[in-house]
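> Provide a 3D model corresponding to the input given below.
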Amino acid sequence: MPATVFSPVAHELARHPGPLFPLHVGDTWMEPFEGGRMQDLDVAEHPGMHRYCATQGIPPLLDAIVEKVRARNGLACEREGVLVTGGATAGLAATVGALADPGEEVLILAPFWPLIRGIVQALRATPVEVPFYDRVDSPEAAVAAVRERLGPKSVALYFSSPSNPTGRVLPEAWLAALAALAREAELWILSDEVYEDYVYRGEHVSIGRFAPERTVGIFSFSKAYGMAGNRVGYLAGPPELIAQAHKLSVHTVYHAPTAGQLAAERALRKGDAWIRGAHAAYRAAGDDAAGVLGLPPPEGSMFLFLDAADRLDERGMTGFLRDCLEDGVVVAPGASSGADYASWIRLCYSSAPPDAVAEGVRRLARRLGRS
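Numbers count the residues shown, from 1 in each chain. Alright, predicted model coming up:
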């Protein structure tokens with residue numbers, strides 16, 4: 001497992017003499033909505049907010065999640081099928097641990113969110129990368145790509161839509177075809193939907209509609225509401241699997257932060273306007289960045305993914321990233337998102353204010369010879 005995932009030159013940032021444009025980590029420059037910030041929570045209103053809480057999640061948040069999953073994701077959902085987790089990261093770890101024995105395989109559609117490969121490795125399972133988002137153009141091709149990597153030890157399929165890092169949104173017909181394959185091959189589906197609120201073209205569809213008995217949806221308040229530091233996400237899936245993931249969650253993080261859960265419950269009740277504003281800001285920044293870099297506009301998420309092969313020299317990707325750092329620009333290496341993507345880079349266009357992202361992207365374009 002690599003010690004540095006998002007930038008091998010991150011330790012050099014403090015020594016950079018000029019302005020920095022940190023486009024390497026998927027976060028937001030925006031603060032959460034007023035009323036949903038830590039300073040808005042009060043012990044008088046929430047006695048015990050600094051203590052332990054129910055390990056599944058605080059009841060008001062569980063109820064709000066059930067309501068949201070039914071209404072927005074179109075999934076049958078009860079409290080027993082929900083687990084509040086220490087961010088989507090901890091939720092995915094608990095799910096992989098519940099599903100995969102050591103040596104069993106988790107198929108991962110690539111390029112992928114950089115941490116999923118290490119999560120599978122940490123649980124002593126085997127990640128199997130499936131080149132996908134830049135190779136597949138139909139439901140039939142999607143199924144063929146996964147089927148090619150299926151083996152007797154395959155137990156689960158992971159993907160994100162909207163995709164981190166490609167910005168692709170998988171169409172409904174593709175999801176239905178993948179769900180049918182998962183049912184045929186007896187695979188569990190790990191559906192990473194943390195960017196569901198940030199679709200700019202197309203429509204987000206939860207694959208759990210097509211195979212609810214074998215799908216775990218993974219969601220996050222970090223991305224939806226700009227609350228990454230609160231460390232609150234949740235799982236929605238079959239109660240028997242959620243019960244097993246709950247055990248692992250208890251024995252690792254115990255439960256998601258109590259105060260973070262209080263803020264998350266407020267977000268589900270009162271955060272829609274914040275999402276609308278963030279959606280507009282992210283879409284504008286993404287479209288501008290794509291235009292400058294000569295890429296198609298993103299369909300969703302907060303990322304662009306591009307091949308920089310023609311700018312690499314004998315120093316490889318690390319040398320190129322150091323060249324970018326000379327310009328003050330920090331991007332993530334594509335190899336963190338898949339072995340086939342060593343010459344690619346990922347940039348996040350929501351991680352800094354729009355004017356800073358625009359300047360950083362233009363500096364990157366000059367470095368890439370695209371300006």
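> Please tell me I have it right and Lys113 contacts Ala332.
Quick fix: residue 113 is Trp, not Lys. No. Counting by C-beta atoms under 8 Å, Trp113 stays clear of Ala332, with 10.9 Å between them. (C-beta placed from N, C-alpha, C; glycine too.)
> what residues are shared contacts of these two?
Both Trp113 and Ala332 are in contact with Pro165, where contact means C-beta atoms under 8 Å, 6 or more residues apart in numbering.
> and the closest residue to Val194 other than its chain neighbours, how far is that from Gly277?
Among residues not flanking Val194 along the chain, Ser220 sits closest, at 3.9 Å (C-beta to C-beta, 6 or more residues apart in numbering). According to C-beta to C-beta, to the nearest Å, Ser220 stands 18 Å off from Gly277.
> Which one's more surrounded, those two?
It is Ser220, of Ser220 and Gly277, that has more neighbours when counted by other C-beta atoms under 10 Å, with 24 against 12.
> Show the pLDDT at the more buried one.
If you check Ser220, the pLDDT there is 97.
> so who does it touch?
87-88, 194, 232-234.
> Out of these, grab the one that's most surrounded.
If you count neighbours using other C-beta under 10 Å, the busiest of those is Val232, which has 32 neighbours.
> pretty sure Thr126 is touching Lys153, no?
Yes. Assessed by C-beta under 8 Å, Thr126 is found in contact with Lys153 at 7.2 Å.
> Pull up the overlap in contacts between these two.
Contacts common to Thr126 and Lys153, judged by C-beta under 8 Å, 6+ apart, are 103-105.
> Just give the number of residues close to the closest residue in space to Met38 that isn't next to it in sequence.
Spatial nearest neighbour of Met38, chain neighbours left out: Ala259 (6.5 Å); criterion: C-beta to C-beta, 6+ apart. A count of neighbours around Ala259, defined by other C-beta under 10 Å, yields 17.
> now do the one 5 residues further on
Ala264 sits with 31 neighbouring residues when counted by other C-beta under 10 Å.
> so who does it touch?
So, once contact is read as C-beta under 8 Å, 6+ apart, Ala264 ends up touching 61, 84, 221, 225, 227, 230, 232.
> Could you do Ala93 as well?
119, 122-123, 248, 252.
> show me what contacts Ala145?
109, 130-132, 135-136.
> Which secondary structure state does it sit in?
Look at Ala145: counting by DSSP: H, G, I helix; E, B strand; the rest coil, its state is helix.
> how much space is there between it and Gly167?
19 Å.
> any idea of the mean pLDDT in stretch 98-111?
Mean per-residue pLDDT for stretch 98-111: 97.
> got the contact list for the residue of the chain most remote from its centre?
Ranking residues of the chain by C-alpha distance from their mean position (C-alpha atoms, centre = their mean) puts Ala44 at the top, at 35.0 Å. By C-beta under 8 Å, 6+ apart, Ala44 lies in contact with nothing.
> Distance of it relative to Arg266?
Relative to Arg266, Ala44 is positioned 16 Å away (C-beta to C-beta).
> Mind listing what's buried along stretch 303-323?
303-306, 308, 311-312, 317, 320-321 (16 or more other C-beta atoms under 10 Å).
> And the shared contacts of Thr126 and Lys153, which of them are buried?
The neighbour-count criterion (16+ other C-beta under 10 Å) marks 104-105 among the shared contacts of Thr126 and Lys153 as buried.
> Dump the shared contacts of Thr126 and Lys153 into JSON lines; add distance to Ala284 as well.
Formatted as JSON lines, those follow (distance: C-beta to C-beta, whole Å):
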{"residue": "Gly103", "distance to Ala284": "46"}
{"residue": "Glu104", "distance to Ala284": "43"}
{"residue": "Glu105", "distance to Ala284": "40"}
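> Looking at the shared contacts of Thr126 and Lys153, which are in helices?
Among the shared contacts of Thr126 and Lys153, DSSP state H puts none in helices.
> So which of the shared contacts of Thr126 and Lys153 are in strands?
Taking DSSP state E as the definition of strands, the shared contacts of Thr126 and Lys153 contribute Glu105.
> quick one: contacts of stretch 310-317?
Against stretch 310-317 from outside (C-beta under 8 Å, 6+ apart): 308, 319-320, 322, 333-335, 342-343, 345, 367-369.
> Go again with 6 Å.
For stretch 310-317, the external contacting residues (C-beta atoms under 6 Å, 6 or more residues apart in numbering) are 320, 333, 343, 368.
> now, which of the residues you listed sits nearest Gln56?
Among the contacts of stretch 310-317, Pro333 lies closest to Gln56 (C-beta to C-beta), at 37.4 Å.
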